[in-house]
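Asker: Provided below for reference: sequence and predicted model.
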Amino acid sequence: MLSPPHHTECRPHDPDFPVGGLLIAAAWVVGSNLVTLTFVAGVCALWRPIRVAQTLRDRESSWMILSAALLLIVSLDGRLSRGDGLLLVAAYLPFLQGTLQTARQERRQMAGKMMR
């Protein structure tokens, strides 16, 4: 049985910490999530076509463009700080609130139709 290679312990505060490894890991997580989401949506669409309302397309694409632009802007200095993370989370909250509000409205509409 092969034993794992012996490496010295690396911590973020060490000057020899492999920053490139962190970037690769972050890219791996983002890429993996993106591929998984598109693959699942593609398989579902092959099984049965998915209808997407125009309002949903407009809202989602607007938020996607805004979030990508904001990420680009805050990362121009070559690092993402805690403040940058807080800003990104704060920008996500209105999107989340709007999504939840839309879901509640649609649920009420469906309940109203079922009562008839």
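Answerer: Yep, that arrived. Numbering: from 1, shown residues only.

Asker: where's Gly112, which helix or strand?
Answerer: Using DSSP states H and E, Gly112 sits in helix 82-115.

Asker: what is the neighbour count of Tyr92?
Answerer: When neighbours are defined as other CB atoms under 10 Å, Tyr92 has 13 of them. C-beta coordinates here come from the backbone N, C-alpha and C atoms, glycine included.

Asker: if you could redo that for Trp63, that was the one I meant.
Answerer: Neighbours of Trp63 (other CB under 10 Å): 16.

Asker: need the contact list for it.
Answerer: By CB atoms under 8 Å, 6 or more residues apart in numbering, the contact list for Trp63 reads Phe95.

Asker: Leu87 versus that one, what's the distance?
Answerer: The spacing between Trp63 and Leu87, counted by CB to CB, to the nearest Å, is 15 Å.

Asker: let me see the domain layout of the protein.
Answerer: Per automatic domain parsing, the structural domains of the chain span 17-50, 52-116.

Asker: quick check: end-to-end length of the last one?
Answerer: Using CA to CA, to the nearest Å, one end of domain 52-116 lies 25 Å from the other.

Asker: for the helix or strand harbouring Ser62, C-alpha coordinates in PDB please.
Answerer: Using DSSP H and E, Ser62 falls within helix 54-74. Extracted in PDB, the C-alpha atoms of helix 54-74 (Å, rounded to 0.1, in the frame of the first residue of the first chain):
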ATOM      1  CA  GLN A  54     -40.200  36.500 -19.600                       C
ATOM      2  CA  THR A  55     -40.200  38.300 -16.300                       C
ATOM      3  CA  LEU A  56     -38.000  35.600 -14.800                       C
ATOM      4  CA  ARG A  57     -35.500  35.800 -17.700                       C
ATOM      5  CA  ASP A  58     -35.300  39.500 -17.500                       C
ATOM      6  CA  ARG A  59     -34.800  39.500 -13.700                       C
ATOM      7  CA  GLU A  60     -32.300  36.700 -13.600                       C
ATOM      8  CA  SER A  61     -30.200  38.000 -16.500                       C
ATOM      9  CA  SER A  62     -30.100  41.500 -15.000                       C
ATOM     10  CA  TRP A  63     -28.900  40.200 -11.700                       C
ATOM     11  CA  MET A  64     -26.400  37.900 -13.300                       C
ATOM     12  CA  ILE A  65     -24.800  40.800 -15.200                       C
ATOM     13  CA  LEU A  66     -24.800  43.000 -12.100                       C
ATOM     14  CA  SER A  67     -23.200  40.400  -9.900                       C
ATOM     15  CA  ALA A  68     -20.500  39.500 -12.500                       C
ATOM     16  CA  ALA A  69     -19.700  43.200 -13.000                       C
ATOM     17  CA  LEU A  70     -19.600  43.800  -9.200                       C
ATOM     18  CA  LEU A  71     -17.300  40.800  -8.800                       C
ATOM     19  CA  LEU A  72     -15.000  42.100 -11.500                       C
ATOM     20  CA  ILE A  73     -14.900  45.500  -9.900                       C
ATOM     21  CA  VAL A  74     -14.100  44.400  -6.400                       C
END
